[in-house]
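1. From the sequence below, what's the structure:
(chains A and B)
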Amino acid sequence: DAGVIQSPRHEVTEMGQEVTLRCKPISGHNSLFWYRQTMMRGLELLIYFNNNVPIDDSGMPEDRFSAKMPNASFSTLKIQPSEPRDSAVYFCASSLTGTTEAFFGQGTRLTVV
Amino acid sequence: RKEVEQDPGPFNVPEGATVAFNCTYSNSASQSFFWYRQDCRKEPKLLMSVYSSGNEDGRFTAQLNRASQYISLLIRDSKLSDSATYLCVVKGAGNNRKLIWGLGTSLAVNP
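-> Sure, this is the predicted structure:
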């Protein structure tokens, strides 16, 4: 299995631009998580989906952030418009509901200048 | 008080040393506990779950103290390859079953 696949691995964009991060979970996993990691705040859960349905989006910072999961094998996290404080590493993770281990993708390192 | 707190370190130890990390959590209703490992510029990976009776996996031992609300990770005979950040993770109970992550403890094992 290829594991959780995220793209792009690195993204540098100008403030105000739209950014779209992509994630392909492990086949068969029905829970998907988007996390943001910074030095100051550590790993923060932004949103998680179960069976493609958003269950908890309380971690989404503000309306500039949106996430979708149109099918079991694909999810996107969009930031529009982006701001420098959005600079972070964004991880996608997937798991089987009811199990404890979350498998992470390699992350997208976002820099907004 | 943060929900999950860890000493950020860094812990600098020589090869072969024994090192221990603690992690405290604030929600007494928390049900599940884990240690994840994160290498520099890599993704977190599950190291081990922490069971009420304590558990061991090779050189790694995890303990849970519910009364004092902390978990610990002990690494014996540390190797250079153990250098990483160790993340304490707590899962709630009932309607709140999100994973709550500590900021991590940095370990550097030196030759």
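
2. And for stretch B:17-28, what's in contact with it?
-> The contact list for stretch B:17-28, computed with Cβ atoms under 8 Å, 6 or more residues apart in numbering or on different chains, reads B:1-7, B:11, B:13, B:33, B:66, B:68-78, B:86, B:88, B:90, B:92, B:100, B:102, B:105, B:107, B:109. Every C-beta, even on glycine, is put in place using the N, C-alpha and C of the backbone.

3. Spell out which strands sit alongside the helix or strand of chain B with the lowest mean pLDDT in the sheet and which way each one runs.
-> Ranked by mean pLDDT, DSSP states H and E, the weakest helix or strand in chain B is strand B:99-101, scoring a mean of 87. Partners of strand B:99-101 in the sheet, by DSSP bridges, are strand B:84-91 (antiparallel).

4. Excluding its own residues, what touches the partner strand? List them.
-> Applying Cβ under 8 Å, 6+ apart, the external contacts of strand B:84-91 come out as A:42-43, A:100, B:3-4, B:6, B:21, B:23, B:25, B:27, B:30-40, B:44, B:47, B:71, B:73, B:97-107.

5. Quick one: mean pLDDT for that strand?
-> Throughout strand B:84-91, pLDDT has a mean value of 94.

6. Equivalent analysis for stretch A:101-112, please.
-> Per-residue pLDDT over stretch A:101-112 has a mean of 95.

7. tell me which residues in that stretch are buried?
-> Residues A:102-110, A:112 are the ones in stretch A:101-112 that count as buried (16 or more other Cβ atoms under 10 Å in any protein chain shown).

8. Kindly reformat the residues you listed as JSON lines containing secondary structure and distance to chain B.
-> What follows is these, written out as JSON lines (DSSP: H, G, I helix; E, B strand; the rest coil; distance: Cβ to the nearest Cβ, whole Å):
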{"residue": "A:A102", "secondary structure": "coil", "distance to chain B": "7"}
{"residue": "A:F103", "secondary structure": "strand", "distance to chain B": "8"}
{"residue": "A:F104", "secondary structure": "strand", "distance to chain B": "4"}
{"residue": "A:G105", "secondary structure": "coil", "distance to chain B": "6"}
{"residue": "A:Q106", "secondary structure": "coil", "distance to chain B": "6"}
{"residue": "A:G107", "secondary structure": "coil", "distance to chain B": "6"}
{"residue": "A:T108", "secondary structure": "strand", "distance to chain B": "11"}
{"residue": "A:R109", "secondary structure": "strand", "distance to chain B": "8"}
{"residue": "A:L110", "secondary structure": "strand", "distance to chain B": "14"}
{"residue": "A:V112", "secondary structure": "strand", "distance to chain B": "19"}
